[in-house]
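# okay, structure incoming, though there's no sequence with it:
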């Protein structure tokens with residue numbers, strides 16, 4: 001199948017498939033006489049595996065390691081368990097960070113009642129005050145962004 005067919009079958013954008021190829025997560029496909037990429041059933045299976053890992057919020061490095069282990073069927077499953085245990089730890093840390101972020105946002109929300117004029121808004125005043133005080137509190141509020149951002 002061509003890349004468009006693979007994309008439709010796997011419900012994955014073409015650019016994501018190309019990205020996974022560039023990153024070495026998907027094996028290079030063969031080429032047709034017209035130099036089109038030709039994908040096989042193994043590419044679809046591989047892509048579905050990657051997508052499932054990504055839906056579990058695994059990083060590309062984690063997916064890469066799992067793929068290497070998957071391609072070495074005689075290896076110890078202990079390495080897979082270790083990787084998953086580490087990932088569970090990352091998720092637990094992110095949950096704690098997000099709970100802290102939620103608390104900060106709730107405190108910020110209490111800075112303003114409903115219905116007042118924007119120039120009297122306690123939320124905007126607090127945000128402006130925090131940015132004038134320095135980056136300390138702002139960094140804490142933004143710290144969750146690096147933890148949750150993953151390229152497709």
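Received the coordinates, thanks. This is a predicted model, so every value here is computed, not measured.

# can you count the residues close to the closest residue to residue 75 other than its chain neighbours?
Counting by C-beta to C-beta, 6 or more residues apart in numbering, residue 69 is the residue found nearest to residue 75 once chain neighbours are left out, at 5.7 Å. To be clear about C-beta, it is placed using only N, CA and C from the backbone, and glycine gets the same treatment. Using other C-beta atoms under 10 Å, residue 69 has 15 neighbouring residues.

# which residues touch the closest residue to residue 10 other than its chain neighbours?
The shortest distance from residue 10 to any non-neighbouring residue, by C-beta to C-beta, 6+ apart, is to residue 47 (4.8 Å). Applying C-beta atoms under 8 Å, 6 or more residues apart in numbering to residue 47 gives the contacts 6, 10, 12, 17, 20, 26.

# quick check, nearest of those to residue 74?
Relative to residue 74, the closest of these is residue 26; by C-beta to C-beta it sits at 23.2 Å.

# now do the phi/psi pair for residue 14.
phi -60, psi -40 (degrees, to the nearest 10).

# check which helix or strand residue 130 maps to.
For residue 130, the element it lies in under DSSP states H and E is helix 122-133.

# what is that helix packed up against?
helix 78-109, helix 136-148 (3 or more C-beta pairs under 8 Å, 6 or more residues apart in numbering; DSSP states H and E).
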